[in-house]
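Engineer: Structure, please.
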Amino acid sequence: MAKTSGEAVELLAKAAQRSGWGKITVSDNFETTGKMVVVFENCVFCEGLENEKTPACSFLSGILAGIAESLYDRDVSIQEELCRAAGGGVCRFSINRV
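Structural biologist: The predicted structure follows:
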């Protein structure tokens, strides 16, 4: 359906948003800088969680890493920089080329 990896990222983000995963924003510079930032507002995986000591979105982190590795045919590292469940307001992931 998508002609480029960037288009595929946008299509996947829109599909996840329509499926109720929260509002999703993607800053995709992976092709040029090797970095992508994905932000989930109202992350469904944090629903009902509060005052966690560490980020709670390990399942989502794994999904995002798998998608990035598949789309870009590269190994990636991923870090959840902010987590709504841990008081971050949003869930923000940094995906980097290894």
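
Engineer: give me the low-pLDDT residue ranges for this protein?
Structural biologist: 1 (pLDDT under 70).

Engineer: Centre of the chain to the strand or helix carrying I78, how far?
Structural biologist: For I78, the host element (DSSP states H and E) is strand 76-82. From the chain centre to the centre of strand 76-82 is a distance of 8 Å (C-alpha atoms, centre = their mean, to the nearest Å).

Engineer: In the sheet, which residues pair with the residue nearest to the spatial centre of the chain? Tell me.
Structural biologist: The chain has V38 as the residue nearest its centroid, 4.1 Å off, counting by C-alpha atoms, centre = their mean. V38 has the following beta-bridge partners by DSSP bridges: V26, F93.

Engineer: I'd assumed T25 was in contact with it.
Structural biologist: Yes - if you go by C-beta atoms under 8 Å, V38 and T25 touch, sitting 7.4 Å apart. C-beta here means a position set from N, CA and C on the backbone, and glycine is covered the same way.

Engineer: Which neighbours do those two have in common?
Structural biologist: A13 (C-beta atoms under 8 Å, 6 or more residues apart in numbering).

Engineer: K53: what's its closest spatial neighbour, skipping adjacent residues?
Structural biologist: With sequence-adjacent residues excluded and distances taken as C-beta to C-beta, 6 or more residues apart in numbering, K53 is closest to A86, at 6.9 Å.

Engineer: Which residues are in contact with the one you found?
Structural biologist: N51, E52, K53, T54, P55, A56.

Engineer: which of the residues you listed are buried?
Structural biologist: P55, A56 (16 or more other C-beta atoms under 10 Å).

Engineer: With secondary structure as extra columns, can I get the contacts of A86 in TSV?
Structural biologist: Listed next are those as TSV, based on DSSP: H, G, I helix; E, B strand; the rest coil:
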residue	secondary structure
N51	coil
E52	coil
K53	coil
T54	coil
P55	coil
A56	coil
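
Engineer: Specify which member of the contacts of A86 is nearest to F30.
Structural biologist: Of all these, the one with the least separation from F30 (C-beta to C-beta) is P55, at 21.4 Å.

Engineer: Verify the stated contact: that closest one with A85.
Structural biologist: Yes - P55 is within contact range of A85, at 7.2 Å (criterion: C-beta under 8 Å).

Engineer: Perfect, that will be all.
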